[in-house]
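1. here you go, sequence then predicted model.
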Amino acid sequence: METFHPHKGPYIRELKPGQRITGFYLVRYKQLEAFRDRSRGQFLTLLLADRTGSLLARVWEGAPELAETFEQGAIVKVQGDVESYLDRPQLITAKLRPAQPDEIDLRDFRPATAKNIEAMLETVRGLVGRIGDLHLNALARHFFDDPEFIKQFAAAPGARRVHHSYLGGLLEHTTSVAALADSVIALYPEINADLLLTGVLLHDIGKVREYTWETDIDYTDEGTLVGHVVLGDEMVTAVMAAITGFPEDLALRVRHMMVSHHGRYEWGSPRRPQTLEAMALHQIEELDSQVNRFRELLATRPEGEPWTPYDRLLGRSLYAGRDDLAIEEQSREE
């Protein structure tokens, strides 16, 4: 995989035990920890990242002094040896210093959608145009006719870690859910198509305020304290109140989709779905989220292995299948 900056060094996905590497990586997490033998002082644990993945790193020598030279979220130049720890690569760091601006290209460190942004935006514009109800159409257009909102919506991640956690992930998730919605609408004519499409377009708009993504993907203050579900509901409620004659019951049904799309209380949903459209929205957006999560995890499994490493968020490992591995091996030989 070609890097954007010639001095970036190897991507994390390319690292294997036994390599000695020099490269630039984003510090996603840092923590000083005490050795079991307290007389040895402290060592430094880091989670390094680039656009291909993340890697645990340790600094054994001079850790307290080194930790003072950079902050979490910084990009650093690292030299060290890749070892294996619990069946995963780990970097034992020999040298580390903060990167200089002319040494890096931020595109090397921020994962981004592989899909065409403009093509996905055209899909979104087409969806807005299909909403026949004048009030719902005006609601959608308020957001998607706004160039500044479109800029943020097209760049925002779908999440910090769980699914579509890369630039453009929110837009990709929205267009994928829209494709699923078309099938649902065709199969179940009793579902209000205009209402469901409005929910598809707007259910996650609070994420443009929930996240920051200048270097690494992280939460804003209001994202941490309020969250995208409430933020999104506030955004659409304010716009509906400003649209002349917006029906009260229709506004209530839109708001219900906004606050119930996570489906369960334990998943951060203030309400569980209680309308056909809200239930359908939850099911299709959850399907797309889970497929994306599975796809990302399966792509990180060690070469030649049918199983992925254990995933803490899913609470299980995933099986790719041995037949798939045989096909991959045959393709490489050809």
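-> Sure, I can see it. Numbering: from 1, shown residues only.
2. run through who's touching stretch 154-169.
-> 51, 110-113, 115, 117, 120-121, 170-173, 204, 207-208, 211, 213, 217-219, 288-290, 292-293, 296, 313 (Cβ atoms under 8 Å, 6 or more residues apart in numbering). For every residue, glycine as well, the C-beta is placed using N, CA and C.
3. which residues in the stretch 1-150 of the chain form helices?
-> Counting by DSSP state H, counting those that start in this stretch, one finds helices in the stretch 1-150 of the chain at the ranges 63-67, 117-130, 134-144, 147-155.
4. I'd like the ones you listed as JSON lines, with mean neighbour count, mean pLDDT and distance to Leu276 appended.
-> Compiled in JSON lines, the helices of the stretch 1-150 of the chain are given as follows (neighbours: other Cβ atoms under 10 Å; pLDDT from 0 to 100; distance: least, Cβ to Cβ, whole Å):
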{"stretch": "helix 63-67", "mean neighbour count": "15", "mean pLDDT": "93", "distance to Leu276": "54"}
{"stretch": "helix 117-130", "mean neighbour count": "15", "mean pLDDT": "96", "distance to Leu276": "19"}
{"stretch": "helix 134-144", "mean neighbour count": "20", "mean pLDDT": "98", "distance to Leu276": "16"}
{"stretch": "helix 147-155", "mean neighbour count": "15", "mean pLDDT": "95", "distance to Leu276": "26"}
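5. make CSV from these and add distance to Val230 to it.
-> Formatted as CSV, the helices of the stretch 1-150 of the chain follow (distance: least, Cβ to Cβ, whole Å):
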stretch, distance to Val230
helix 63-67, 36
helix 117-130, 23
helix 134-144, 17
helix 147-155, 18
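6. nearest to Ala186, out of the ones you listed?
-> helix 117-130 (13.2 Å; Cβ to Cβ).
7. that older thread, minimum distance to Leu197: which of the helices of the stretch 1-150 of the chain has it?
-> Nearest of the helices of the stretch 1-150 of the chain (Cβ to Cβ): helix 117-130, 5.7 Å.
8. packing partners of that closest one?
-> helix 134-144, helix 147-155, helix 169-187, helix 193-202 (3 or more Cβ pairs under 8 Å, 6 or more residues apart in numbering; DSSP states H and E).
9. and these: which comes nearest His256?
-> Short answer: helix 193-202, nearest of these by Cβ to Cβ, at 9.2 Å.
10. next structured bit after the closest one?
-> Once the chain leaves helix 193-202, the next helix or strand it forms, by DSSP states H and E, is helix 207-210.
11. for Ala241, phi and psi?
-> phi -70, psi -30 (degrees, to the nearest 10).
12. give me the number of residues near it?
-> Applying other Cβ atoms under 10 Å, we find 9 residues neighbouring Ala241.
13. before we move on, back to that, just the buried residues out of the contacts of stretch 154-169, in PyMOL syntax.
-> Of the contacts of stretch 154-169, the buried ones can be selected in PyMOL as follows, counting by 16 or more other Cβ atoms under 10 Å:
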select buried, resi 51+110+111+112+113+120+121+170+171+172+173+204+207+208+211+213+217+218+288+289+292+293+296
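14. OK, contacts around Leu44?
-> 30-33, 58-59, 63, 66-67, 93.
15. that one and Leu32, how far apart?
-> Taking Cβ to Cβ, to the nearest Å as the measure, Leu44 falls 6 Å from Leu32.
16. what of Phe144?
-> For Phe144 relative to Leu32 (Cβ to Cβ), the value is 46 Å.
17. same question for Gln274.
-> From Gln274 to Leu32 the distance is 49 Å (Cβ to Cβ).
18. of these two, who's got more company?
-> Leu32 (14 against 10).
19. chain neighbours aside, what residue packs nearest to that one?
-> Gln42 (4.7 Å; Cβ to Cβ, 6 or more residues apart in numbering).
20. look at the one you found and say how many residues are nearby.
-> 17.
21. surely it meets Gly62?
-> No. Using Cβ atoms under 8 Å, Gln42 makes no contact with Gly62, being 10.0 Å away.
22. ranges for the strands of the chain?
-> 20-34, 42-50, 53-59, 75-85, 88-98, 211-212, 218-219 (DSSP state E).
23. mind showing which ranges of the chain have poor pLDDT?
-> 1-2, 263, 302, 323-334 (pLDDT under 70).
24. quick check: longest helix of it.
-> Assignment by DSSP state H gives helix 276-299 as the longest helix of the chain.
25. which of the helices of the stretch 1-150 of the chain sits closest to Ile21?
-> That would be, of the helices of the stretch 1-150 of the chain and by Cβ to Cβ, helix 63-67, which comes in at 18.0 Å.
26. neighbouring contacts of the closest one?
-> Residues outside helix 63-67 that contact it (Cβ under 8 Å, 6+ apart) are 30, 32, 41-44, 59, 96.
27. what's in contact with stretch 184-193?
-> Under Cβ under 8 Å, 6+ apart, the answer for stretch 184-193 is 196-197, 276-277, 280, 284.
28. buried stuff in stretch 23-39?
-> So, applying 16+ other Cβ under 10 Å, buried residues of stretch 23-39: 23-28, 30.
29. out of the residues you listed, who's nearest Phe4?
-> After measuring the buried residues of stretch 23-39 against Phe4 - Cβ to Cβ - the closest member comes out as Phe24, at 11.0 Å.
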